[in-house]
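Engineer: Take this sequence and fold it.
(chains A, B, C and D, ligands or ions: 4)
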There are 2 protein chains.
Amino acid sequence: MPTKRQETTAHVHSPAIEDYLEQIHNLIEAKGYARVVDIAKNLRISQASVTNMIQRLDAEGYVIYERYRGVIMTDAGRKIGQEIARRHEVLTRLLASFGLDPQTVHEDVEGMEHHISRQTLEVLTLLMEELEGNPELLMKLKRQLG
Amino acid sequence: MPTKRQETTAHVHSPAIEDYLEQIHNLIEAKGYARVVDIAKNLRISQASVTNMIQRLDAEGYVIYERYRGVIMTDAGRKIGQEIARRHEVLTRLLASFGLDPQTVHEDVEGMEHHISRQTLEVLTLLMEELEGNPELLMKLKRQLG
DNA sequence: GCGGAAGTTTAGCCTGAGCTAACTATTTTG
DNA sequence: CAAAATAGTTAGCTCAGGCTAAACTTCCGC
Ligand SMILES: [Mn+2]
Ligand SMILES: [Mn+2]
Ligand SMILES: [Mn+2]
Ligand SMILES: [Mn+2]
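Structural biologist: Numbering: from 1, shown residues only, chains lettered A, B, ... in the order given. Ligands and ions are numbered 1, 2, ... in the order given. Below you'll find the model as predicted:
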């Protein structure tokens, strides 16, 4: 029989760690590198706190870090960063399609993205796709939102 | 002109505080009283931690507490407890309708319930109601989940 | 190539929220 | 009604993840 697929042991990380890895991933995507000052700005925390966490992320194997130089991601780190970015995107598209205030969407998404299992992500992705492909349904619901 | 409706200053509490108030609320609903030992069991934390937090909740005006006796909720506390219980219920019904594993639903809901604005709650309530009233749509989506 | 600006790191501190161990109070039961 | 069982509290710890101030490194314009 085929070997039973190892159910990726959903090692769970703190919201803080996930936010850092998501942010580092986004910065590297967007500009090719991630600097302490930019991570700090985006997460709205002090540069000192960022340095501190980056050292932890290095020690735990999520990034490779050289003092005063940049940060790059290991495969493990990139995997998490991508995953959170994906959740962020799905949640944002779903909520934004209802016309909610972007600031509110962002706040909710920043929190919710850390508490979504793979199954729930699939459900939300499905809902998002349905609404994007079915404008009548979306309109009907938005009308009820009044 | 009518005085502008005060936009309930969404004072935000920690997930921990919200979990305690939700739990105390649920216990009082269900059995008429809330005891340290039951709160601890339901939240899976030590009794000592519960005692400690209850004292804080009293100091901050969410519950009234008498040593070795019970806890009752103030209006402020009950309001929060009810609110979280409501979010918990909506999220649970929405996710459960897709047939997700109850354990997974519970884990996701326990986290997500602390990060949902009033607007997002309205959207999710709407989605839940639509799916509950439109079994064909639900079936179609569930088939795609397969 | 030097000096100041910008960026980074270190040290030391704080708070929230958990824990265990030991003690105290209350309730139950023989 | 005494003592055992159960419930609740206190003291003292720990750890994550923030912060500021000060020191250090790098970069850039002159
Ligand atoms: Mn986030
Ligand atoms: Mn995010
Ligand atoms: Mn919760
Ligand atoms: Mn809950």
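
Engineer: What residues sit buried inside stretch A:22-31?
Structural biologist: Neighbour-count burial for stretch A:22-31 flags A:22-28 (criterion: 16 or more other Cβ atoms under 10 Å in any protein chain shown). Where you see a C-beta, it was placed from the backbone N, CA and C, and this is true even at glycine.

Engineer: Which ones among those map onto helices?
Structural biologist: Secondary structure assignment by DSSP state H places A:22-28 of the buried residues of stretch A:22-31 in helices.

Engineer: from those residues, which single one is nearest ligand 4?
Structural biologist: Nearest to ligand 4 out of these is residue A:22 (Cβ to the ion; 25.0 Å).

Engineer: ok, residue A:36 to ligand 4 distance?
Structural biologist: Counting by Cβ to the ion, to the nearest Å, the gap from residue A:36 to ligand 4 is 37 Å.

Engineer: tell me, how many neighbours does that residue end up with?
Structural biologist: 18 (other Cβ atoms under 10 Å in any protein chain shown).

Engineer: what residues are up against it?
Structural biologist: Contacts for residue A:36 (Cβ atoms under 8 Å, 6 or more residues apart in numbering or on different chains) come out as A:47, A:50-51, A:54.

Engineer: farthest pair in the ones in helices among the buried residues of stretch A:22-31?
Structural biologist: A:22 and A:28 (11.1 Å; Cβ to Cβ).

Engineer: For ligand 3, state which of the ones in helices among the buried residues of stretch A:22-31 is nearest.
Structural biologist: For these, the nearest to ligand 3 is residue A:22 (21.9 Å; Cβ to the ion).

Engineer: Just give me the neighbour total for residue A:79.
Structural biologist: Neighbour tally, residue A:79, other Cβ under 10 Å: 14.

Engineer: any idea which element it lies in?
Structural biologist: Per DSSP states H and E, residue A:79 falls inside helix A:75-96.

Engineer: buried residues in that helix?
Structural biologist: For helix A:75-96, using 16+ other Cβ under 10 Å, the buried residues are A:77-78, A:80-85, A:87-88, A:90-95.

Engineer: Can it be said to contact ligand 1?
Structural biologist: No - against ligand 1, helix A:75-96 shows no contacts by Cβ under 5 Å from the ion, the least distance being 7.1 Å.

Engineer: by how many degrees do the helix or strand harbouring residue A:48 and helix A:75-96 diverge?
Structural biologist: Following DSSP H and E, one finds residue A:48 within helix A:47-59. Orientation note: helix A:47-59 sits at an angle of 120 degrees relative to helix A:75-96 (axes from the mean of the first three to the mean of the last three Cα atoms, to 10 degrees).

Engineer: what sits up against helix A:47-59?
Structural biologist: Here helix A:47-59 has contacts from A:16-17, A:20-21, A:36-37, A:39-40, A:43, A:63-65, A:71, A:77, using Cβ under 8 Å, 6+ apart.

Engineer: Could you rerun that using 7 Å?
Structural biologist: For helix A:47-59, the surrounding residues in contact (Cβ atoms under 7 Å, 6 or more residues apart in numbering or on different chains) are A:20, A:36-37, A:39-40, A:63-65, A:71, A:77.

Engineer: List just the nearest of those residues to residue A:114.
Structural biologist: residue A:20 (11.9 Å).

Engineer: so where does the closest one fall, helix or strand?
Structural biologist: Counting by DSSP H and E, residue A:20 is part of helix A:15-31.

Engineer: Without its sequence neighbours, what residue ends up closest to residue A:97?
Structural biologist: residue A:131 (5.4 Å; Cβ to Cβ, 6 or more residues apart in numbering or on different chains).
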